[in-house]
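J.: I'll drop the sequence and a predicted model, then ask my questions.
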Amino acid sequence: MASKSFQKSCQNGDDIWIIGGTQIKQDRYGNIEVSQDYRRRLITVLPTIGEVSVHTPYVSVTVGCYSKRYLTVQMDNRRITSGFCGLTVQNGSQKAGLDRNGKVVIF
């Protein structure tokens, strides 16, 4: 696998490594993106905005920690979102959740 490794530095300051079919890209601000299988599987770490995301053909997960602390998990038309304002669960057009006081809310 090491013999098939490749490293490249771009003019804009990005560094790119390709190791065994996995691409790792780091920009000059420290943001890192790891992708595999032609970007079908993608992990992004953004310390500049305090966010981590994982995207695959089956599920997407995003977590943020700065000004708005939140977690979003999405699979097809189903979504769960949790944040400062409460928790929301959605399945297609049906949506319900809990507000910041813990009361059940149907949208």
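T.: Now that the structure is in, tell me what you want to look at. These numbers come from a predicted model, not from an experiment.

J.: Remind me which helix or strand the residue nearest the centre of the chain belongs to.
T.: For the chain, the residue nearest the mean C-alpha position is Ser53 (1.3 Å; CA atoms, centre = their mean). Assigned by DSSP states H and E, Ser53 belongs to strand 51-55.

J.: Ok, Pro57 next?
T.: Residue-wise, Pro57 maps onto no helix or strand under DSSP H and E.

J.: show me what contacts it?
T.: Arg40, Arg41 (CB atoms under 8 Å, 6 or more residues apart in numbering). From N, CA and C alone the C-beta is placed, and that goes for glycine too.

J.: Phi and psi next, for it.
T.: The phi and psi values for Pro57, taken as degrees, to the nearest 10, are phi -60, psi -20.

J.: ok, so what distance separates it from Tyr38?
T.: Separation of Pro57 from Tyr38 (CB to CB, to the nearest Å): 11 Å.

J.: and what of Asn101?
T.: 46 Å.

J.: Please apply the same query to Ser60.
T.: Ser60 is 17 Å from Tyr38, by CB to CB.

J.: For the residue nearest to the centre of the chain, list each beta-bridge partner.
T.: Using DSSP bridges, the bridge partners assigned to Ser53 are Thr44, Thr62.

J.: Check the gap between it and Leu42 for me.
T.: 8 Å.

J.: Next: Val34.
T.: Distance from Val34 to Leu42, by CB to CB: 7 Å.

J.: Check Asp76 too.
T.: 18 Å.

J.: before we move on, the earlier item: between Ser60 and Tyr38, which has more neighbouring residues?
T.: Ser60 (15 against 8; other CB atoms under 10 Å).

J.: so what's that one up against?
T.: Ser53, Val54, Thr72, Val73, Gln74, Met75.

J.: Could you check the helix or strand hosting Thr72 and say which residues are buried?
T.: Assigned by DSSP H and E, Thr72 belongs to strand 70-75. Residues Thr72, Val73 are the ones in strand 70-75 that count as buried (16 or more other CB atoms under 10 Å).
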